[in-house]
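S.K.: Predicted structure and sequence below. I'll ask about it afterward.
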Amino acid sequence: MQEKVDFLVVGSGIAGLSYALKVANNGKVLIITKASEDETNTKYAQGGIAAVTYAPDSIEKHINDTLIAGDGLCDEEIVRIVITEGMLRTKELIEWGAQFDKDETGNYDLAREGGHSEYRVLHHKDNTGSEIENKLLDQIHKHPNISLHTHLFALDLITQHHLGDEVTRSKAGIVCYGIYALNLKTNKVETILSKVTLMATGGVGQLYNATTNPVIATGDGVAMVYRAKGNVKDMEFIQFHPTALYNPGESPCFLITEAVRGFGGILRRENGESFMEEYDERGSLAPRDIVARAIDNEMKKSGGEFVYLDCTQLDKIKFNDHFPNILAKCLGLGIDPSVQYIPVVPAAHYLCGGIDVDANGKTAIDNLFAAGECARTGLHGANRLASNSLLEALVFSHRAAIVGITLVDKVEHQESVPNWNADGTSNPKEMILITQNRRELQSLMSNYVAIVRSNVRLKRAMDRLRIIYGETEALYERTTVSPALCELRNMINVSYLVVKAALNRSENRGLHFNTDLIAE
Ligand SMILES: Cc1cc2nc3c(=O)[nH]c(=O)nc-3n(C[C@H](O)[C@H](O)[C@H](O)COP(=O)(O)OP(=O)(O)OC[C@H]3O[C@@H](n4cnc5c(N)ncnc54)[C@H](O)[C@@H]3O)c2cc1C
């Protein structure tokens, strides 16, 4: 089956949905997602969206905080663009219906998170992402030019490669004609031809055992673009959130937003000592890379599996009002935050690198754009400042939409695209081969390529990855495509890119910390 659209959007999170709304008056838009419409990282965002609203905050202060967090590797021009344009984009989000909490005087009740010098995070209780996702979906459903197809799994980008031409990474002029996608309801591979395509597939947290990301976060977009010979960058910079709730067996991990530390929560050892002051003068509100490494070190020293977040000294009524979901979650596990410490542990949270794009979200492949967490824009450098990612997604989706609109009338659909070549014919007989390799991959990434790395661990990870890669490719060649197998392939591909980038980095910056580099 072939379908033709003007704009194809892969992903239904904040990046994909806000882009679709922007281009919808200029052509037929199809959004596809491999899961239900709202199963996205966006839905789980708690803390909020960082945007300059009132004095004494200012654009310069927000820029400065972003640059400091990025540890010298941010693209300053991009930082300025995102912070400046972010104010307008946030206003649009409010016009689309998103509601952010206000105080008694009617002003926005701004929160503060690690690395921010001012209170500037707009939030909706502690479930900001769900508020944004729902309000965007409401707008999407109302627009006559937009269709949203769920349970359609994007397999690969269509380029000249599928017309029989040789495509190499350095070659200019690779063109995206659309996407092959597996319809999970019919089990058939569909060909979707598009004039302009946006990749908005989100993050990669599922590469690790402990992650705050939902199961959809398997790096599919990054892997698809890499396979199509597009460029990726900064893959070594994986952000671990310092404070996921310690609850063995729960996946994804439940997040205790940084806003809790902004509200006064303090990290403590089992004996009650506050330890962050020993690592950074900003204490519990130091940037995430520093806090995550400090917790990792504390756990290694004590042999414990977690540290504590102390909220017992905070105003109970205000805490309950600001963080109702966190309160409910803790109480459900028998922890009363007003009298007991909350056990917390770092968990894989955010990909700072990804598909390399220019200031308009354009990738190295013609007619293909990327926005949101799968894109590497240059905003985050070596470490993302908290709550800058929702903002980045809005700004880049907007910029990509403007260029996409000017492009769409100049592009014709490619008519000679063949249907999916289903070489593999048998169904995978033993799913255990796939699930076991996925577990093995998550475990090697957690053990060798997490918060603290070393050359030996990285090389060991690469060797193990090669074995899993060989086994999985052999399986892929002889079986029909399935989401489990395709996700595993994508995760192997992305893990390889993370390890390769980590091995290539010759100095410790931001989130990348290799013990062999301090010794030199
Ligand atoms: C627990 C948690 C808390 C967070 N808190 C904050 C916060 O307070 N502030 C902040 O700024 N950021 C926060 N973040 C980060 C932020 O939520 C994400 O970076 C952002 O929402 C990503 O949006 P996105 O549109 O790029 O991707 P997502 O929202 O993840 O959407 C990705 C979409 O792509 C689809 N998809 C993926 N692969 C395929 C495929 N092969 N075929 C078809 N569809 C596919 C998925 O199904 C999904 O629809 C948080 C993240 C988490 C997990």
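M.R.: Received it, and whenever you're ready, just let me know what you need. None of the values given here were measured: they were computed from a predicted structure. Residues are numbered from 1 along each chain as shown.

S.K.: Please count neighbours and contacts with C-alpha atoms only from this point.
M.R.: Fine.

S.K.: Quick check: the nearest residue to Asp75 once chain neighbours are set aside vs the ligand, distance?
M.R.: Of all residues not flanking Asp75 in the chain, Gly378 sits nearest, at 4.9 Å (Cα to Cα, 6 or more residues apart in numbering). Remark: distance between Gly378 and the ligand (Cα to the nearest ligand atom, to the nearest Å) = 14 Å.

S.K.: Would you confirm that Gly378 contacts Cys74?
M.R.: Yes: using Cα atoms under 8 Å, Gly378 is in contact with Cys74, at 5.4 Å.

S.K.: So what's the residue count around the residue nearest to Asp75?
M.R.: Neighbourhood size, Gly378 [other Cα atoms under 10 Å]: 23.

S.K.: next one: Val222
M.R.: Neighbour tally, Val222, other Cα under 10 Å: 34.

S.K.: Helix or strand: which one has it?
M.R.: helix 220-227 (DSSP states H and E).

S.K.: Give me the next element, helix or strand, following that helix.
M.R.: Criterion used, DSSP H and E; the element after helix 220-227 is strand 232-233.

S.K.: Strand partners (parallel or antiparallel) of that next one?
M.R.: When pairing is defined by DSSP bridges, strand 232-233 lines up against strand 354-356 (antiparallel).

S.K.: Please enumerate the strands of the stretch 351-500 of the chain.
M.R.: Applying DSSP state E, counting those that start in this stretch to the stretch 351-500 of the chain gives strands spanning 354-356, 368-370, 375-376.

S.K.: So for Ile81, which of the ones you listed sits nearest?
M.R.: When the strands of the stretch 351-500 of the chain are compared by Cα to Cα, strand 375-376 sits nearest Ile81, at 14.6 Å.

S.K.: Partner strands of that closest one and their direction?
M.R.: As assigned by DSSP bridges, strand 375-376 forms pairs with strand 354-356 (parallel).

S.K.: and the strand it pairs with, is it in reach of the ligand?
M.R.: No: Strand 354-356 does not reach the ligand (Cα under 6 Å from any ligand atom); its nearest approach is 10.8 Å.

S.K.: just stretch 127-135 next, same as before
M.R.: No: under the criterion of Cα under 6 Å from any ligand atom, stretch 127-135 makes no contact with the ligand; the nearest approach is 6.5 Å.

S.K.: How many residues are close by Val215?
M.R.: Neighbours around Val215, by other Cα under 10 Å: 16.

S.K.: shift numbering so it begins at 43
M.R.: Understood, numbering begins at 43; the last thing we discussed is Val257.

S.K.: Distance-wise, check it relative to Leu249.
M.R.: For Val257, the distance to Leu249 equals 10 Å [Cα to Cα, to the nearest Å].

S.K.: Tell me if Leu197 really is in a helix.
M.R.: No: counting by DSSP: H, G, I helix; E, B strand; the rest coil, one finds Leu197 to be strand, located in no helix.

S.K.: so who does it touch?
M.R.: 221-224, 266, 528 (Cα atoms under 8 Å, 6 or more residues apart in numbering).

S.K.: Restricted to helices, list the residues you listed.
M.R.: Among the contacts of Leu197, the ones falling in helices (DSSP state H) are 266, 528.

S.K.: Format the contacts of Leu197 as CSV; extra columns: pLDDT and neighbour count.
M.R.: Putting those into CSV (pLDDT from 0 to 100; neighbours: other Cα atoms under 10 Å) gives the following:
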residue, pLDDT, neighbour count
Ile221, 98, 23
Tyr222, 97, 21
Ala223, 97, 23
Leu224, 96, 23
Met266, 98, 22
Cys528, 96, 20
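
S.K.: what number of residues lie near the spatially closest residue to Glu300 that is not a sequence neighbour?
M.R.: Leaving aside its chain neighbours, Glu300 sits nearest to Glu155 (5.5 Å; criterion: Cα to Cα, 6+ apart). Neighbourhood size, Glu155 [other Cα under 10 Å]: 28.

S.K.: Distance of Glu155 relative to the ligand?
M.R.: 9 Å.

S.K.: doesn't that residue fall inside a helix?
M.R.: No: Glu155 is assigned coil when assessed by three-state DSSP, not a helix.

S.K.: is it true that it touches Ala428?
M.R.: Yes: using Cα under 8 Å, Glu155 is in contact with Ala428, at 6.4 Å.

S.K.: Good, wrapping up.
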